[in-house]
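**Student:** What follows is a predicted structure for the sequence shown.
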Amino acid sequence: MSDAVRCLACRRTFKSTSIHSQHLGKARTCQGYYDRISTEQARVTSRTRTDSAHGDVGPPAPPPDWIGESDDTDRQGHPANESQWEPPEPAQKRRRVTVEDVEDEDHINDAWEYTAYSDGDVATPLAEGTTFFEAHREEQKARAEDPHAPFVDEDEWGLVQWLMRNTTQGGVDSFAKLPVTRNRTKPSFKNKKAFFKKIDKLPTGTPWICDIVTVNGTLTGPNGQVLTEELELWRRDPVECVRELIGNPAFKPYMSLKPVKVTRRGSRYYSEMNTSDWWWTTQGRLPSGATVAPLILASDKTTLTVLRGDKTAWPVYMSIGNIDKSVRRKPSAHAFVLLGYIPVAKLECLAESARSEAIYRLFHRCMYKILQPIVDAGRDGVMMTCADGYVRRVYPILAAYIADHPEQCLVACCKENRCPRCLVHRNERGDLAEHSLRSQSDTLDLLDRVANGETPQPPEFASQSLRPVFDPFWRHLPHTDIFTCISPDILHQIHKGVIKDHFLKWCQELIGEDELDARFAALPRAHGLRHFRKGISPITQWTGAEAKEVEKVLLGLLPGQVSSDVQRAARGLLDFVYFAQFEVHSDATLAAMETALKDFHRFKHAFVELGVRDHFNIPKLHSLLHYVDAIRRLGCLDGLNTETSERLHIDFAKVPYRASSRREYYAQMTTWLQRQEALVRQSAYLAWVNGEIEREAEEELQGAPDGTELDEEGDGLEQDVEVAAEDVKALRDLLHSNVARAFQLPLTPSARHVSFATLTTSYGAVDALSKLQDFLRQNHPTSPLPSSSTVLDVYHSIHVLLPSNIHIANTKRLNKLRASPAVPRRQDRKAIAACFDCGLFVEDEGLYRREGGLKGLRPGQIRAIIRLPQGHGYVAEPLIYVRWFRPFRIPDPIIGLPPTSHSTRDHVRNSSFIHARNVIRSCHLMPKFGLDVVDPLWKQRDIMDEPITFLLNRYYDFHMFCALTL
């Protein structure tokens, strides 16, 4: 056993490092032990921040990534004070994680106040329960079954997963009949029938129910009989779906059961649904000890066929607000479940004039059938075992409904030319004025009066633009006001609505399509920013992704071609768009959000004066007035976006349809989905079982520490343990830590043995040798000086850790800068353009620490990232060759973007080497366009070399927006 490895945490011995790594992936206790060792070895003397100029860490810390990602990078940070920094040992093969700057934890946690609901007990445990996983495991033990049953072992289970996800039924049959399968693999199934019989033995979720819905027509057939149409409504019991979600042990770390008000220094913060007003108010309507399960519904039609056919599905999805929104957004987390398929029919049994209203009523009829179990459950409560293993009385109550504008109006029983939330007149939707919200009781009263034939018809029925849907599905739902449940839709209302369908078209009309395309094409490239090299007019299919990319640069394209009022309106609108996407809001940011919208409305008259618009009676523009109220009521909008339901269409509609025979496909789709859910459920169960078995083994050896939670999903790492702890866990821990600054280079250089001549010709690092010698003389006087024969290791990228910001997820803290030369075309490989990103660098450390923002920083363009040869006395820290721009001047008073230009001496660009520790982040510098049309040569040259004024793009990403706005 020469290769045997002993785990230092639990003292168990493993045959190889790979098996030991698998053990660490399953045993969180042991992995945590190695993490602590790695952190202690990595830690260097750090200087803590004295203020929070770069953003605060919010309460509570966001959950870790749902699925960890490995990274083969070399991470290194340095103390901010250069005089205290000492280079690492040259002989180090792998550089440990070190930090340069750390937020003061006492300051970060300062003044956070959590006010719990105090008018009665909340989420009171009534008894100890048994989760599904625990019950299933006990049943298997009683039958002396392997956890992988009905399959033989872990290997066969892996084969089953692969077959289910990568082959068809015919493929399964062909595989099972192969000689190598029968003679060597010898699985426990002989053909596809036996295979799927075993699949169907796996524990499944809530079963499917098929109801026949009969629509009585108004037309008669050839024999004089009234035509009818029978439709299939496929649904699942929503109460049982809630039981699955709230009792899933995998969601335990991300589950909230109690409302809370979070404040800091007098300002309230909103994030998850349990920090919102809705939960607090709803809790007060329920008995003491009740547990609220806020239902989040989403529905949207989607096409199943591509390019041909007219097959359409109308899925209804459901999740609960108890689960963190960061988890709900990830399809792989399975925090949204498919609740049913509403039938899509042309209703040819009805006269054409009656079909539209009949479809509206059919929708409500089917939704009522789907949600009927919620009526009693939401009123009386249902005993459920929660993810923590305790039984509580749970009240599932509709809290939010996610839909696009047409479907919002369908839910609200109003016409599409009106607001589904308030009573604004159709001709006043472009005004910045508040209107009374729709009242559910008043609406039901009007519908009942019209249904009972009251004459004359109540005038409010027409003035509120109601539709004759006399039995809406939400009539009997307890503790529900459907109009406040309708959540804003950032995707369709903002990205694809106000921005793409309206504002962008207004700008095209003012500037000219060709000129706007030229300005898009002339913009310099930057990492994470899409470059529209032909402009935007060639785009025929717009998604939210294209609209978001346009939003990042649109404001900088307007100067010189539009009036100052148009630019101010654009600034206000784009500020609002960015605020709307915050993942945590405070009273201050909500006030800034309202101010931004007011600015847009204050200056929007310019579009009318220029003849672009006659009015602003646009439903999606009016909907922006309800965003702040919705955030206060339901929490931040990143958890209530139709982007989630659009993505779910793939997993719950399009892929299942492609797996069917295209005939009677709903029955086949539900069967396919149930089997796929059984796989997911079994995988989660096995991860849980492995964790439990590992814990029992550790307790036998040494006893597990109190309060230890086990990792429910192993990483399956196949690498050295120290490497795993260093390269994977440490990076992930760094994202969610209070480390404010650090950087990382690729583990291996992108180019080795690069000469100074190559640095000049390929990288544009002019006079690199003399600049490097000057740098070493000034900063490292004891270091030997390189000569023209010295060769260097060159890296084509560097990653920087941005300071944490409460309004932005920690997963967005990694920032990349590139410095890669052009690669010529090679046979079948296309040429690759050079990428030399711009960044912000520390020029005055003290000023930057005191005031933050852009104070103490200077922009520059990275041309080369180098490391001198090791072992010859050279400085070990990587160095960066930077072409400098001048410090930023006062921002433009109209669009608020700080200007800069080339830093020169005697008409020669200033450049120098700096320590890699001085890079703060990447940035995007946009040319300041003027009255003249764009020079066509700009598309062929590097615009960053042009002697013009540049503007710092504050919409480059959310971190930059926060730094320059808040």
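**Tutor:** Yep, it's here.
**Student:** show me where pLDDT drops low in the stretch 151-300 of the chain?
**Tutor:** Nowhere does the stretch 151-300 of the chain drop to pLDDT under 70.
**Student:** Enumerate the helices of it by residue range, in sequence order.
**Tutor:** Under the criterion DSSP state H, counting those that start in this stretch, helices of the stretch 151-300 of the chain are mapped to 154-166, 169-176, 179-180, 192-199, 238-246, 277-284.
**Student:** who's sitting farthest from the centroid in this structure?
**Tutor:** Distance to the chain centre peaks in the chain at Asn223, reaching 58.0 Å (criterion: C-alpha atoms, centre = their mean).
**Student:** Pick the most deeply packed of the helices of the stretch 151-300 of the chain.
**Tutor:** Comparing those by mean neighbour count (mean count of other C-beta atoms under 10 Å), helix 238-246 ranks first with a mean of 22. (C-beta placed from N, C-alpha, C; glycine too.)
**Student:** Which elements pack onto it?
**Tutor:** strand 291-299, strand 315-320, strand 337-341, helix 352-380, strand 382-385, strand 390-402 (3 or more C-beta pairs under 8 Å, 6 or more residues apart in numbering; DSSP states H and E).
**Student:** of all these, which lies closest to His736?
**Tutor:** The minimum distance between His736 and the helices and strands packed on helix 238-246 falls on strand 315-320, with 23.8 Å, by C-beta to C-beta.
**Student:** taking the mean pLDDT, what do you get for the helix or strand following that closest one?
**Tutor:** Where DSSP states H and E defines the elements, the next helix or strand beyond strand 315-320 is helix 325-328. Helix 325-328 shows a mean pLDDT of 95.
**Student:** Please state the offset of helix 325-328 from the chain centre?
**Tutor:** Offset of helix 325-328 from its chain centre (C-alpha atoms, centre = their mean, to the nearest Å): 8 Å.
**Student:** looking at the helices and strands packed on helix 238-246, which is closest to Arg475?
**Tutor:** Of the helices and strands packed on helix 238-246, the one closest to Arg475 (C-beta to C-beta) turns out to be helix 352-380, at 7.9 Å.
**Student:** And that closest one, what's buried?
**Tutor:** Going by neighbour count (16 or more other C-beta atoms under 10 Å), the buried part of helix 352-380 is 355, 358-374, 377-378.
**Student:** What residues of stretch 293-302 count as buried?
**Tutor:** Ala293, Pro294, Leu295, Ile296, Leu297, Ala298, Ser299, Asp300, Thr302.
**Student:** and the residues you listed as a markdown table, adding distance to Ile943?
**Tutor:** A markdown table is the format used below for these (distance: C-beta to C-beta, whole Å):
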| residue | distance to Ile943 |
| --- | --- |
| Ala293 | 54 |
| Pro294 | 50 |
| Leu295 | 52 |
| Ile296 | 46 |
| Leu297 | 48 |
| Ala298 | 43 |
| Ser299 | 47 |
| Asp300 | 42 |
| Thr302 | 42 |
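**Student:** And these, which two are furthest apart?
**Tutor:** Ala293 and Thr302, at 26.8 Å, using C-beta to C-beta across the buried residues of stretch 293-302.
**Student:** surely Arg886 meets Pro898?
**Tutor:** No - counting by C-beta atoms under 8 Å, Pro898 is not a contact partner of Arg886; they are 10.8 Å apart.
**Student:** who has more neighbours, those two?
**Tutor:** Pro898 (20 against 16; other C-beta atoms under 10 Å).
**Student:** Please name the residues that touch the residue nearest to the more buried one when sequence neighbours are not counted.
**Tutor:** Nearest non-adjacent residue to Pro898, counting by C-beta to C-beta, 6 or more residues apart in numbering: Phe888, 3.9 Å away. By C-beta atoms under 8 Å, 6 or more residues apart in numbering, the contact set of Phe888 is Leu854, Leu857, Pro859, Pro898, Pro899, Thr900, Leu952.
**Student:** Kindly recompute the last result at 7 Å.
**Tutor:** Phe888 sits next to Leu854, Pro859, Pro898, Pro899, Thr900, Leu952 when contact means C-beta atoms under 7 Å, 6 or more residues apart in numbering.
**Student:** do the same with Leu814
**Tutor:** Leu814 makes contact with His799, Leu801 under the criterion C-beta under 7 Å, 6+ apart.
**Student:** Can you list the neighbours in contact with stretch 630-650?
**Tutor:** 270-273, 275-278, 298, 300, 302, 315, 317, 325, 328-329, 331, 336, 399-400, 402-404, 484, 487-492, 544, 580-585, 590.
**Student:** Now do it: distance from first to last residue.
**Tutor:** In stretch 630-650, first residue to last residue: 28 Å (C-alpha to C-alpha, to the nearest Å).
**Student:** List the buried residues of it.
**Tutor:** Judged by neighbour count using 16+ other C-beta under 10 Å, the buried positions of stretch 630-650 are 630-646, 648-649.
**Student:** Ok, stretch 870-878 next?
**Tutor:** For stretch 870-878, a neighbour-count test (16+ other C-beta under 10 Å) marks Tyr874, Val875, Ala876, Glu877, Pro878 as buried.
**Student:** Next: stretch 769-777.
**Tutor:** For stretch 769-777, by 16+ other C-beta under 10 Å, it's Leu769, Lys771, Leu772, Phe775, Leu776.
**Student:** Perfect, that will be all.
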